[in-house]
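Enquirer: sequence and computational prediction follow.
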Amino acid sequence: MYRLYKFVGVAFWAVILSLIICFFVVTGGPYCIKTQFDDHELEWTKAFAMNETICYYCEQLERYDTIVVTEKKVFSPEDSWVIDFDCSECNWIEVGHTVHAHAGIEFIVNNDTNNYHSNILFIRKENEGKCATVWIYMLGNSFSEKSIDKGVNRLEWTEDDLENEAYPCQIRVTSIIWDKNEGLLEYVINGSERYVKCPKKCLKF
């Protein structure tokens, strides 16, 4: 009887060990590969300060818009190791082992008498071998990703870059220019209403 109990105990732990091995083979184990922004890519996150209000003027309509930065987030590991066994930043079981460096600048657009929330410039780095990409969503318009290679200090999105048209009740943005150092320089609504960043703080606000 003792030998039977001993055999069952050994078999039980053998099964448990096998399951653990299978789990690590399938999932790859608890490690994270973290991508990092380089200095050039990080510069794209510094244009605006938190809670900053920026003024834009449309000469055609003689009207001002304001943009208020409501949130800024930057994630880029400072350690130099690409592979990190600190898995607090990634759900390696369900999602995968790679944590991408990412950053976001969220802002409200005050256009005429309406406030439009959920606008964001999003930066993401897929892997260390490629440059980060920038994607923007503004006034219900989603624009395609653009790469910020070294030497690229300004991006322009046009109608050709629209990923989805705005709903009929939303404003149609047809052009956006974003500068690495100055942030949002200008945007065009409905193909003709051009809003340009004011060079100084607008006394009107």
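Expert: Right, received. Where do you want to start? Residues are numbered from 1 along each chain as shown.
Enquirer: how about the strands in this protein?
Expert: In chain order, the chain shows strands spanning 32-34, 53-58, 63-75, 83-84, 98-99, 101-111, 114-125, 133-138, 141-147, 154-158, 162-164, 173-179, 183-189, 193-197, with DSSP state E as the criterion.
Enquirer: rank the ones you listed by mean pLDDT and give me the bottom one.
Expert: Note on the strands of the chain: strand 83-84 shows the lowest mean pLDDT, a mean of 52.
Enquirer: using TSV, lay out the strands of the chain together with mean neighbour count and distance to residue 47.
Expert: Backbone N, C-alpha and C define where each C-beta goes, glycine included. What follows is these, written out as TSV (neighbours: other CB atoms under 10 Å; distance: least, CB to CB, whole Å):
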stretch	mean neighbour count	distance to residue 47
strand 32-34	20	24
strand 53-58	20	10
strand 63-75	17	9
strand 83-84	12	29
strand 98-99	16	24
strand 101-111	20	8
strand 114-125	17	9
strand 133-138	20	12
strand 141-147	17	16
strand 154-158	16	11
strand 162-164	12	23
strand 173-179	20	7
strand 183-189	20	3
strand 193-197	19	11
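Enquirer: as TSV, those with distance to residue 44 would be great.
Expert: Formatted as TSV, the entries for the strands of the chain read as follows, by distance: least, CB to CB, whole Å:
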stretch	distance to residue 44
strand 32-34	19
strand 53-58	16
strand 63-75	10
strand 83-84	24
strand 98-99	19
strand 101-111	8
strand 114-125	6
strand 133-138	7
strand 141-147	11
strand 154-158	9
strand 162-164	20
strand 173-179	8
strand 183-189	9
strand 193-197	16
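Enquirer: how deep is the closest residue to residue 152 other than its chain neighbours tucked in, by neighbour count?
Expert: Computed as CB to CB, 6 or more residues apart in numbering, the closest residue to residue 152 that is not its neighbour in sequence is residue 180, at 7.9 Å. Other residues lying near residue 180 total 18 when counted by other CB atoms under 10 Å.
Enquirer: quick one: contacts for residue 180?
Expert: Going by CB atoms under 8 Å, 6 or more residues apart in numbering, residue 180 touches 43, 44, 47, 148, 152, 153, 154.
Enquirer: same thing with residue 59?
Expert: Residue 59 makes contact with 194, 196 under the criterion CB under 8 Å, 6+ apart.
Enquirer: what's opposite the nearest residue to residue 56 once chain neighbours are set aside in the beta bridge?
Expert: With CB to CB, 6+ apart as the criterion, residue 56 has its nearest non-adjacent residue at 4.0 Å, and that residue is residue 195. The partner list for residue 195 in beta bridges (DSSP bridges) reads residue 58, residue 187.
Enquirer: quick check: residue 195 touching residue 184?
Expert: No - between residue 195 and residue 184 there is no contact under CB atoms under 8 Å: 9.3 Å.
Enquirer: give the residues shared as contacts by those two.
Expert: Among the neighbours of residue 195, those also in contact with residue 184 (CB under 8 Å, 6+ apart) are residue 56.
Enquirer: please tell me how far the residue nearest to residue 152 sits from residue 33.
Expert: Summarising the geometry, the distance separating residue 180 from residue 33, computed by CB to CB, to the nearest Å, is 27 Å.
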